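J.: Fold the following for me, if possible:
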Amino acid sequence: MKLPMLSSDDRLAEIKRLYFKTTAQTIDRDFDRAVSILKSMTSEEERERATVFMEGLAEMRNDWKRKTRR
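T.: Numbering: from 1, shown residues only. Here you go, the predicted model:
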């Protein structure tokens, strides 16, 4: 997927939006998009700001996958 040129604040805002809007049905797509955005971040400081949202998305994805396996 080709990402538009986003500013540093826009990239963080998009990851944050994905974190708050994701559902069990969209988590895989949203997580993949967040990872793509994270990879486009150019500085370590920028990535550190996104860490809490990325960890939250990963945790939600794991929790929801565990529930569907049961």
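
J.: which helices and strands sit right next to the helix or strand encompassing residue 18?
T.: Assigned by DSSP states H and E, residue 18 belongs to helix 8-21. On a contact count with 3 or more Cβ pairs under 8 Å, 6 or more residues apart in numbering; DSSP states H and E, helix 8-21 meets helix 27-40, helix 44-69. For the C-beta atoms, the positions are set from N, CA and C on the backbone; glycine is no exception.

J.: Tell me which of those sits nearest to residue 21.
T.: With respect to residue 21, and counting by Cβ to Cβ, the nearest of these is helix 27-40 at 7.5 Å.

J.: tell me the angle of the closest one relative to helix 44-69?
T.: Counting by axes from the mean of the first three to the mean of the last three Cα atoms, to 10 degrees, helix 27-40 lies at 160 degrees to helix 44-69.

J.: For the residue nearest to residue 46 when sequence neighbours are not counted, which residues are in contact?
T.: Excluding the flanking residues, the one nearest residue 46 by Cβ to Cβ, 6 or more residues apart in numbering is residue 8, at 5.3 Å. With contact taken as Cβ atoms under 8 Å, 6 or more residues apart in numbering, residue 8 is in contact with 41, 42, 43, 46.

J.: quick one: which of those is most hemmed in?
T.: Most neighbours among those, by other Cβ atoms under 10 Å: residue 41, with 18 neighbours.

J.: what separates that residue from residue 47, distance-wise?
T.: Residue 41 is 5 Å from residue 47, where distance means Cβ to Cβ, to the nearest Å.

J.: go on, residue 57?
T.: From residue 57 to residue 47 the distance is 14 Å (Cβ to Cβ).

J.: The two: who's more crowded?
T.: Neighbours per residue (other Cβ under 10 Å) separate residue 57 from residue 47, with residue 57 holding more: 21 against 15.

J.: distance of the more buried one from residue 17?
T.: Computed as Cβ to Cβ, the residue 57 to residue 17 distance reads 11 Å.
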